[in-house]
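Chemist: from the sequence below, what's the structure:
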Amino acid sequence: MKNNKNNNCNFPNLRFPEFQEEWSETEIKNILKIGSGRDYKHLETGNIPVFGTGGYMTSINDFLYDGESVCIGRKGTINKPFYLKGKFWTVDTLFYTYSYKNIQPKFLFYIFEQINWLKYNEASGVPSLSKSTIEKILIAIPKKEEQDKIATFLSLIDERIETQNKIIEEYKKLKNALAVFFFGTSVKYTSVGEICDVIMGQSPSSAAYNYVNNGLPLIQGNLDISEGTTSPRMWTSEITKQCEIGDIILTVRAPVGVVAKSNMIACVGRGICAIKVKESKCSEYVYQYLQYFKNKWISIEQGSTFSAISRDNILSISIPSITKRLTVASHILALFDNKINAEISFLKMYRSQKQFLLSRMFI
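Modeler: Numbering: from 1, shown residues only. All right, here's what the predicted structure looks like:
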């Protein structure tokens, strides 16, 4: 590839060397038509997929369009385009595109991925787009041969990303199956309260929140947890309740049951608790069991509109009595966590590579 470092011509910074011509600018309305989704509830179950802004919804026995299409949300999620091929149906919150002129659909998808759709939001409440707004957006496109090569190249990266996602999911399934085998066959139980103490979080005043590292990092809920470790978004100068390095963090308000290991001294807000294992050698075991227990919280959650669990709920959880077998099992599960996190790092790298290429290969 060659690099147009100054980007002083109407072509991208990075392109394949065999292409020399400048790209042409056009409004979207000149290269395609936009179709509206429809209600599908009058149709019967079948094998034609129905899509909304969040992706696949169900399958029916009729189709709205057959062919390649790039879809974009009309209402709700308006900033996540996706590419479809074959027969499909879209609901009324999702636009689809068709009747392409001088544009390759997969190339259009990559253009759509770069557009800041929220910039074109037309509503103060739920984000919304109109056909007329989309049609007026100005884009730059090359000749079809260059479109094809760019789309083919980026599709290879998308395929690698999809494969990486599947690898991660398979490791997660295998780990879950092992956890069921290890923990689901126990016959002797104790309670969490026998081997742990629980400190419920307490939120500091919002006036104490800051982003200049004043005080301690603040862990408030699942948004401050990433891949099994704490990842706070902000700090607080008012310290209410506190967790230490090595404590187990558990979300106690919707969503309940997300588990992490604390990798820092931090202030804990009301959406979480800090679990302190009385014997540090048992910490990994308790952490792995709480991960296994995640889907069981629904049976003890309180509150019909905003679920939550109490300190007593946590302390009374039955947990298999620690044995040598279960100690070894917990370390095996920890190895799976390490492998999954390594694969997630690869996934992030592939996504980062794609974003870099999107930023350099288009105008």
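Chemist: hey, let's count contacts and neighbours off CA atoms from now on
Modeler: OK.
Chemist: burial measure for Thr327, as a count.
Modeler: As a burial measure, Thr327 scores 16 neighbours (other C-alpha atoms under 10 Å).
Chemist: now Asn313: which helix or strand?
Modeler: helix 311-315 (DSSP states H and E).
Chemist: for that helix, packing partners?
Modeler: Helix 311-315 makes packing contacts with helix 192-195, strand 196-200 when contacts are defined by 3 or more C-alpha pairs under 8 Å, 6 or more residues apart in numbering; DSSP states H and E.
Chemist: tell me which of those lies nearest to Ile31.
Modeler: Closest approach to Ile31 among those (C-alpha to C-alpha): strand 196-200, 57.6 Å.
Chemist: quick one, domains of the protein?
Modeler: 24-142, 143-188+321-362, 191-319 (the TED database).
Chemist: how about the residue nearest to the spatial centre of the chain: what's its closest non-neighbour residue?
Modeler: Centroid check for the chain by C-alpha atoms, centre = their mean gives Ser226 as the closest residue, at 10.8 Å. Once flanking residues are discounted, Ser226 sits nearest to Ala260: 8.0 Å by C-alpha to C-alpha, 6 or more residues apart in numbering.
Chemist: who's in contact with the one you found?
Modeler: Residues near Ala260 by C-alpha atoms under 8 Å, 6 or more residues apart in numbering: 225-230, 248-250, 287.
Chemist: next step: those restricted to helices.
Modeler: Tyr287 (DSSP state H).
Chemist: thinking again about what came up before, turn the domains of the chain into a markdown table, including mean pLDDT and distance to Leu14.
Modeler: A markdown table is the format used below for these (pLDDT from 0 to 100; distance: least, C-alpha to C-alpha, whole Å):
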| stretch | mean pLDDT | distance to Leu14 |
| --- | --- | --- |
| domain 24-142 | 97 | 13 |
| domain 143-188+321-362 | 96 | 5 |
| domain 191-319 | 94 | 34 |
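Chemist: indicate which one of the ones you listed is closest to Arg15.
Modeler: Here domain 143-188+321-362 is closest among these (C-alpha to C-alpha), at 5.9 Å.
Chemist: return the distance of the closest one from the chain's centre.
Modeler: 12 Å (C-alpha atoms, centre = their mean, to the nearest Å).
Chemist: and the closest residue to Leu290 other than its chain neighbours, what is it in contact with?
Modeler: The spatially closest residue to Leu290, leaving aside those adjacent along the chain, is Val259, at 6.9 Å (C-alpha to C-alpha, 6+ apart). Neighbouring residues of Val259 by C-alpha under 8 Å, 6+ apart: 228, 248-251, 287, 290-291.
Chemist: how about Met57?
Modeler: Contacts of Met57 (C-alpha under 8 Å, 6+ apart): 49-51.
Chemist: burial count for Trp235?
Modeler: 21.
Chemist: mind checking the SS state of it?
Modeler: On the three-state scheme (DSSP: H, G, I helix; E, B strand; the rest coil), Trp235 is labelled strand.
Chemist: these two touch, right, it and Asp224?
Modeler: No: counting by C-alpha atoms under 8 Å, Trp235 sits too far from Asp224 to count as a contact (11.3 Å).
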